[in-house]
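**Student:** no FASTA, just this:
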């Protein structure tokens, strides 16, 4: 008899944040479609495929999800996928893993979430382990050393481009710019631990948002 | 050093990495600067492979854990870096509305994401100090920056190009020192 992972029980419909409801046909209210149990081996196969083919971030993996789980099997809706990407955006950590864990939960509760997460990280983790195992063996080759140095130089360029793109998307206003410059100075200049810098910046963000909220409510009271 | 140290350090990284790419500088600062688990050069190569290989860039933790403490280290680092995001995502899937609208979480995320921009700059600077040994390497970095920012070329191609020109740049004539 085939083992099936039962879908999570439907939760009551609740309003979503505007970004999360993108694609929902019901105007922002989540309605759970009846779900069929998905065989565990199918879930594992699909998420293994996602883990093995998602070069370049979430885009390719979302394409596999939409093809296999939305269009072909109908066990998820496009709104589920949109909701997963929007809701996990607020959370720390790998967004790739979080979207898979979120959708895995929708497909099979806690068990589905564990299975989906393990299956999608298995291929990249295995590849990195192989790199760790064999990097010593090839690092003595001069051609590898030169290629590695070229790779690292290219990584420098990619990191700077990421900083520019990420900065354009996240640094809104003088507070964000000040935090970014302060984090650079504290880390590069004073050598403060990275974790302490991020926690301090997060707390400044909380205080900044509270101050903005108070200013906003003050304006609202006067008008 | 224990595997527990590796686990909680990577758990902390995943807890503080708000926004795409934010984990990279944290991993570099902790694994290279603060603990010395790997060298700057090893980090650069592992990061390049993580960007070429499928899956999340954070899988670089597996490589670092292995270099630091063998297979148990790899397991501890992998669990550490993926456990917290998994729990948070599953809990969010269960209680979506309340968590997504939490005001403090939103403020903390904004501040932490801004800090990540500055820390990305620090990581790039740190890698540049160790890898840019001549004008040829500087040209590779500049070309990668322009291609990544100005075109839709997949990063894997940019990295492959960097490796190829890095091999060519190995000749002493191409490696004229900077400055």
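**Tutor:** Yes, it's here. As the structure is a prediction and not an experimental result, all values here were calculated from the model.

**Student:** quick one: which helix or strand includes residue B:55?
**Tutor:** Residue B:55 is part of no helix or strand, with elements assigned from DSSP states H and E.

**Student:** and it, how far is that from chain A?
**Tutor:** 3 Å (CB to the nearest CB, to the nearest Å). Placement of C-beta: from N, CA and C, glycine included.

**Student:** can you list the weak-confidence ranges in chain B?
**Tutor:** Scanning chain B for pLDDT under 70 picks out B:1, B:19-21, B:96-101, B:170-179.

**Student:** hey, where'd the helices end up in it?
**Tutor:** Remark: helices assigned in chain B by DSSP state H are B:3-16, B:23-28, B:40-52, B:60-94, B:96-100, B:103-131, B:135-150, B:155-168.

**Student:** show me where chain A has helices.
**Tutor:** A:40-53, A:58-65, A:78-87, A:95-139, A:142-170, A:173-184, A:194-222.

**Student:** Mark out where each domain of chain A begins and ends.
**Tutor:** Residue ranges for each domain of chain A read A:4-129, A:149-215, as given by automatic domain parsing.

**Student:** Turn the helices of chain A into CSV, columns for mean neighbour count, mean pLDDT and distance to residue B:149.
**Tutor:** CSV is the format used below for those (neighbours: other CB atoms under 10 Å in any protein chain shown; pLDDT from 0 to 100; distance: least, CB to CB, whole Å):
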stretch, mean neighbour count, mean pLDDT, distance to residue B:149
helix A:40-53, 20, 85, 26
helix A:58-65, 18, 71, 18
helix A:78-87, 22, 76, 24
helix A:95-139, 22, 87, 21
helix A:142-170, 22, 81, 4
helix A:173-184, 19, 88, 18
helix A:194-222, 16, 68, 24
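
**Student:** Tabulate those in JSON lines, adding columns for distance to chain B.
**Tutor:** Formatted as JSON lines, these follow (distance: least, CB to the nearest CB, whole Å):
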{"stretch": "helix A:40-53", "distance to chain B": "5"}
{"stretch": "helix A:58-65", "distance to chain B": "8"}
{"stretch": "helix A:78-87", "distance to chain B": "5"}
{"stretch": "helix A:95-139", "distance to chain B": "3"}
{"stretch": "helix A:142-170", "distance to chain B": "1"}
{"stretch": "helix A:173-184", "distance to chain B": "3"}
{"stretch": "helix A:194-222", "distance to chain B": "2"}
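
**Student:** Of all these, which one comes closest to residue B:89?
**Tutor:** The closest of the helices of chain A to residue B:89 is helix A:95-139. By CB to CB, the value is 3.7 Å.

**Student:** any idea of the angle that closest one forms with helix B:3-16?
**Tutor:** Put simply, helix A:95-139 runs at 130 degrees to helix B:3-16, going by axes from the mean of the first three to the mean of the last three CA atoms, to 10 degrees.

**Student:** Which strands or helices does helix A:95-139 pack on?
**Tutor:** Helix A:95-139 sits against strand A:4-5, strand A:38-39, helix A:40-53, helix A:58-65, helix A:78-87, helix A:142-170, helix B:40-52, helix B:60-94, with contacts defined as 3 or more CB pairs under 8 Å, 6 or more residues apart in numbering or on different chains; DSSP states H and E.

**Student:** if you set the cut-off to 7 Å instead, what comes out?
**Tutor:** Helix A:95-139 is packed against strand A:4-5, helix A:40-53, helix A:58-65, helix A:78-87, helix B:40-52, helix B:60-94, with contacts defined by 3 or more CB pairs under 7 Å, 6 or more residues apart in numbering or on different chains; DSSP states H and E.

**Student:** Make CSV out of these and add distance to residue A:98.
**Tutor:** Shown next, in CSV, are the helices and strands packed on helix A:95-139 (distance: least, CB to CB, whole Å):
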stretch, distance to residue A:98
strand A:4-5, 19
helix A:40-53, 13
helix A:58-65, 10
helix A:78-87, 8
helix B:40-52, 17
helix B:60-94, 4
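
**Student:** and residue A:201, which of the ones you listed is closest to it?
**Tutor:** Closest to residue A:201 of the helices and strands packed on helix A:95-139, according to CB to CB: helix B:60-94, at 18.7 Å.

**Student:** Please give the centre-to-centre distance between that closest one and its chain.
**Tutor:** Computed by CA atoms, centre = their mean, to the nearest Å, the chain-centroid distance of helix B:60-94 equals 14 Å.
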